[in-house]
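Q: Please work out how this folds:
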Amino acid sequence: MGADKATLTVDGKPLWARQLEVLRRLSLEKILVSARGRPAWCPSGVEVVLDEPPSQGPLSGIAAALRELSTTHLLALAIDLPNLTTAHLEILLSQARPGVGVIPENEKYFEPLCAIYPIEALAMAQKLLTEADVSMHQFVRKLRDEKLMLVYHVKKSEQRFYHNVNSPMDLKSRSDEGK
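A: Residues are numbered from 1 along each chain as shown. Predicted coordinates for the structure are as follows:
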């Protein structure tokens with residue numbers, strides 16, 4: 001995109017501020033930002049969890065956050081999902097059980113960066129980080145197979161929550177959806 005996605009403005013607000021607002025409405029114990037370094041946009045009072053080098057993509061961030069967890073579950077939320085609502089996250093959170101997280105499945109595709117991971121997922125994350133395939137989809141499939149993740153089937157009316165912004169065209173198409 002040529003810019004940090006977190007700083008893109010949607011409806012007059014940067015993506016990072018929108019996501020923090022959504023998370024703060026959940027009254028979570030702690031909000032962590034996972035990154036390779038402390039982002040310039042990150043407000044004071046928000047803890048940054050650094051990926052252990054060498055960073056191996058989102059799985060590195062999930063593993064780092066799980067290591068810092070002081071609760072039973074981690075709610076992972078990508079910065080680039082501007083349509084996501086607190087109410088939808090509450091639905092996902094209500095599905096989590098002790099030792100079991102929740103992964104949304106949106107038309108046969110998992111949404112691993114809007115999911116709830118149990119602390120028990122840390123061992124699997126650390127193991128996969130030593131292997132060749134460090135994809136989030138591989139991670140989620142293994143967790144599901146080990147009965148550590150429940151699948152939440154995204155309803156047609158909820159699919160808009162998972163529209164992510166990866167390019168200027170995605171940002172434009174998101175704007176066009178509201179017209």
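
Q: From now on I want contacts and neighbour counts done on CA atoms only, so please keep to that.
A: OK.

Q: Could you list everything the closest residue to Tyr117 other than its chain neighbours pairs with in the sheet?
A: Spatial nearest neighbour of Tyr117, excluding adjacent residues (CA to CA, 6 or more residues apart in numbering): Gly101 at 4.6 Å. Assessed by DSSP bridges, Gly101 has beta-bridge partners Met149.

Q: can you pull the buried residues of stretch 16-35?
A: Judged by neighbour count using 16 or more other CA atoms under 10 Å, the buried positions of stretch 16-35 are Trp16, Ala17, Arg18, Gln19, Leu20, Val22, Leu23, Ile31, Leu32, Val33, Ser34, Ala35.

Q: so of the residues you listed, which ones are in helices?
A: Under the assignment DSSP state H, those contribute Trp16, Ala17, Arg18, Gln19, Leu20, Val22, Leu23 to helices.

Q: Would you enumerate the residues in contact with the third one?
A: Under the criterion of CA atoms under 8 Å, 6 or more residues apart in numbering, the neighbours of Arg18 are Pro82.

Q: And it, how close does it get to Leu28?
A: Remark: distance between Arg18 and Leu28 (CA to CA, to the nearest Å) = 16 Å.

Q: so where is the chain shaky, pLDDT-wise?
A: The model of the chain has pLDDT under 70 over residues 1-2, 167-179.

Q: any idea how far the closest residue to Pro58 other than its chain neighbours is from Ile91?
A: Beyond its immediate neighbours in the sequence, the residue positioned closest to Pro58 (CA to CA, 6+ apart) is Met136, lying 7.0 Å away. Here Met136 is placed at a distance of 22 Å from Ile91 (CA to CA).

Q: higher neighbour count, those two?
A: Neighbours per residue (other CA atoms under 10 Å) separate Met136 from Ile91, with Met136 holding more: 20 against 11.
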